[in-house]
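In: have a look at this prediction, sequence included:
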Amino acid sequence: QVQLVESGGGLVQAGGSLRLSCAASGRTFSIYAMGWFRQAPGKEREFVAAISWSGGSTYYADSVKGRFTISRDNAKNTVYLQMNSLKPEDTAVYYCAAGVRESSRLYRDAAYAFWGQGTQVTVSS
């Protein structure tokens, strides 16, 4: 089992920045990749970004490319999501996820076995 705890959400004005953190514990040696997803009210959960745990390859949704940056600190078993130039449409609950099997489709929910509880991000206009 892998446990995930997100932090760093909050309320920010449009154009502002936030950094989300996700700390992993438990069988962290089994992690293949970690990702961030988000779910806005009335919408389905969508992929935001992902990073491979060993090589550090990164992947982004088109809607956040150039604004968000995913990174990891293997020593701390923590993944970060730096969010800049935030827009009201970025408002959502952000979830951290960990995958333990190799996958070429890190943009899919099915690639992840463990999920955090989520942290709210609200961007005001």
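Out: Perfect, thanks for sending it.

In: which residue is nearest the centroid of this protein?
Out: Centroid-nearest residue in the chain: residue 36, 2.0 Å away (criterion: CA atoms, centre = their mean).

In: that residue: which element?
Out: strand 33-39 (DSSP states H and E).

In: ok so residue 62 is a helix residue?
Out: No. The assignment for residue 62 (DSSP: H, G, I helix; E, B strand; the rest coil) gives coil, which keeps it out of a helix.

In: residue contacts, it?
Out: By CB atoms under 8 Å, 6 or more residues apart in numbering, no residues touch residue 62. The way it works is simple: take the backbone N, C-alpha and C, and place the C-beta from them, glycine included.

In: relative to residue 37, how far out is residue 99?
Out: 12 Å (CB to CB, to the nearest Å).

In: now what about stretch 95-107, what contacts it?
Out: 2, 4, 6, 20, 22, 24, 27, 30-39, 45, 47, 50, 52, 59, 61, 79, 109, 111-118.

In: picking up where we left off before, on the three-state scheme, the closest residue to the residue nearest to the centre of the chain other than its chain neighbours is what?
Out: Nearest non-adjacent residue to residue 36, counting by CB to CB, 6 or more residues apart in numbering: residue 48, 4.3 Å away. Counting by three-state DSSP, the backbone at residue 48 sits in strand.

In: local confidence estimate at residue 48?
Out: Residue 48 is assigned 98 on the pLDDT scale.
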